[in-house]
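Visitor: Next come a sequence and a model predicted from it.
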Amino acid sequence: MARRRTLRPEEEEIWHAVARTVKPMHLLTPSFPPPEPHVVKTETTAPLVPAQPRLALFRLGEKSRVKPKLDLAPTVAQGLAAAPLQMDAKTHGKMTRGKLAPEARIDLHGLTLSEAHPELIRFILNAQSAGLRLVLVITGKGKRRDDDGPIPQRMGALRHQVPQWLRMPPLGPAVLQVTEAHLRHGGSGAYYVYLRRR
């Protein structure tokens, strides 16, 4: 679409002279602004710089050079590994390599969240009062459910909830460290819980 041309100063003067001689058709008369004296503007404009393209130049069929950054929440194992070490480093190393045998274990596998929480509280507090230091909490890895639709969903509510329960009262003051178990003790389906001395 073509840009509208503005009137030059001499054309504006002619227009106003003609507009003054015209007889209006309606009672309301249009108000025309008085002609302004033509002033030459002496602004210095910066040289035009071509705009930067939004996308980097590419050829059709070329592979992407930039890897997309996905902001995903850390997994349970990554969150536990990033937690600060509260216990002796040598003992922690033995524990994560599966060299320390748990003194007691509880299997929450197959329980609902409302059934598992009181059982876990009872087990941890009894183990601490008995003077135990390392216990194993088995949650299971979760199961695949095909009845929810065409895409099977990974269910592992206990696996995700147990580390949070172990940080919250009444268990938080009793627990010193929580780590994913070694493969010989259940791997990602179980947790080592190292208890504080009473």
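Guide: Looks like it arrived, so ask away. Numbering: from 1, shown residues only.
Visitor: lowest average confidence, helix or strand, in this protein?
Guide: Ranked by mean pLDDT, DSSP states H and E, the helix or strand of the chain with the weakest confidence is strand 153-155, at a mean of 47.
Visitor: How about M95: what's its closest non-neighbour residue?
Guide: Beyond its immediate neighbours in the sequence, the residue positioned closest to M95 (Cβ to Cβ, 6 or more residues apart in numbering) is Y192, lying 5.5 Å away. C-betas here are computed from N, CA, C, even on glycine.
Visitor: Doesn't that neighbour lie inside a helix?
Guide: No: Y192 sits outside any helix when classified using DSSP: H, G, I helix; E, B strand; the rest coil, being strand.
Visitor: so it touches L134, yeah?
Guide: Yes: under the criterion of Cβ atoms under 8 Å, Y192 makes contact with L134 at 6.3 Å.
Visitor: can you list residues touching both of those two?
Guide: Among the neighbours of Y192, those also in contact with L134 (Cβ atoms under 8 Å, 6 or more residues apart in numbering) are 95, 102.
Visitor: of the two, who's got more company?
Guide: For Y192 versus L134, the count of surrounding residues by other Cβ atoms under 10 Å is larger for Y192: 23 against 20.
Visitor: Enumerate every residue touching that one.
Guide: Per Cβ under 8 Å, 6+ apart, neighbours of Y192: 95-96, 102, 134-136, 177-182, 185.
Visitor: so E13 is in which element?
Guide: In this structure, E13 sits in helix 9-21 according to DSSP states H and E.
Visitor: Next secondary structure after that helix?
Guide: Heading C-terminal from helix 9-21, the first helix or strand you meet, by DSSP H and E, is helix 76-82.
Visitor: Report the mean per-residue pLDDT for that following helix.
Guide: Summarised as a single mean, pLDDT over helix 76-82 is 84.
Visitor: just the CA coordinates of it, formatted as PDB?
Guide: What follows is helix 76-82 as a C-alpha-only set of coordinates in PDB (Å, rounded to 0.1, in the frame of the first residue of the first chain):
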ATOM      1  CA  VAL A  76      14.600 -38.100  43.300                       C
ATOM      2  CA  ALA A  77      18.000 -39.600  43.000                       C
ATOM      3  CA  GLN A  78      19.500 -36.300  41.800                       C
ATOM      4  CA  GLY A  79      17.900 -34.400  44.600                       C
ATOM      5  CA  LEU A  80      19.200 -36.900  47.200                       C
ATOM      6  CA  ALA A  81      22.700 -36.800  45.600                       C
ATOM      7  CA  ALA A  82      22.700 -33.000  45.700                       C
END
